[in-house]
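Undergrad: Just a sequence and a predicted model for now, questions to come.
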Amino acid sequence: MITHGNLAANGTALHQAWGFGPDDVLLHALPVFHIHGLFVACHCVLLNGTGMLFIPKFDVATVRRLLPRATVMMGVPTFYTRLLADPGFGREDCRHMRLFTSGSAPLLEQTFEAFEQRTGHTILERYGMTETGMNTSNPLHGERLAGTVGLPLPGVSVRITDDDDQPPPDPDPNDPCAGEEGCSCEQVFGQLGSEEGHPDGDFAPCRYNLLRMHSTLGLGQAQATAGLHGKRAN
């Protein structure tokens with residue numbers, strides 16, 4: 001069961017990681033029967049104490065009309081492909097925007113690159129699950145890699161295992177390793193403000209998503225960033 005403490009821990013981590021400030025306004029076009037629209041988007045705004053432009057469903061014309069009044073939009077890949085399909089959409093629509101995020105499905109590298117070319121904005125892709133909240137994110141400041149969902153959020157540890165719960169080989173940039181995710185974090189095991197946190201070394205298996213680890217170089221040392229690879233069939 002996801003508790004209020006779990007949700008608060010994840011909301012606080014996202015609010016900080018994505019740099020929400022007093023001037024931010026969220027354009028919300030996501031469905032609210034899903035964690036993305038109900039918790040990820042709304043909690044960042046509630047914790048920030050600022051405004052939200054809440055529309056009942058995604059519509060290209062409505063989104064284009066409201067974008068100049070917003071600074072942040074959280075979307076799914078189809079939001080961005082539909083915007084790009086409108087030849088009139090471009091930099092002028094996004095002149096006041098600070099951040100576009102994408103989740104709930106893998107964002108194609110072609111969409112990532114086309115959106116950057118059209119608008120000057122690089123979409124921030126992140127990854128999570130209803131069972132855990134958000135686990136990883138590309139950086140707010142720094143390079144966002146197309147086809148990846150970034151590094152673990154503050155307070156989150158992620159490991160990749162095979163079907164036998166064994167770690168795959170070390171990430172190789174020429175042969176990324178695929179596996180299933182396990183997550184260990186306050187938003188799964190601990191309560192916000194609790195000193196107990198999660199059990200040391202204890203990971204909750206997340207058996208529905210296959211991740212692929214990509215080796216990257218950052219801050220003078222090798223790091224591994226995750227890319228959403230697909231869904232496990234149960």
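TA: Yep, that arrived.
Undergrad: who does the lengthiest helix in the chain touch, helix- and strand-wise?
TA: Looking across the chain with DSSP state H, the single longest helix is helix 4-17. Contact partners of helix 4-17 among helices and strands, from 3 or more Cβ pairs under 8 Å, 6 or more residues apart in numbering; DSSP states H and E: helix 42-48, strand 133-137, helix 186-189. Placement of C-beta: from N, CA and C, glycine included.
Undergrad: Give the rounded mean pLDDT of it.
TA: Helix 4-17 comes out with an average pLDDT of 90.
Undergrad: Stretch 99-113 too?
TA: In this model, stretch 99-113 carries a mean pLDDT of 94.
Undergrad: tell me which residues of it are tucked away?
TA: Neighbour counts over stretch 99-113 (16 or more other Cβ atoms under 10 Å) mark 99-104, 106-107, 111-112 as buried.
Undergrad: Can you give me every residue that contacts L107?
TA: 77, 80, 123, 125, 146-147 (Cβ atoms under 8 Å, 6 or more residues apart in numbering).
Undergrad: Would you map the helices across the protein?
TA: Using DSSP H, helices in the chain cover 4-17, 35, 42-48, 60-66, 77-84, 109-119, 186-189.
Undergrad: hmm, back to that, looking at the helices and strands packed on helix 4-17, which is closest to N6?
TA: Across the helices and strands packed on helix 4-17, the minimum distance to N6, taken as Cβ to Cβ, is reached by helix 186-189, at 4.7 Å.
Undergrad: For the residue nearest to G150 when sequence neighbours are not counted, report the pLDDT, please.
TA: Sequence neighbours aside, N138 is the residue nearest to G150 in space, at 3.8 Å (criterion: Cβ to Cβ, 6 or more residues apart in numbering). pLDDT, N138: 94.
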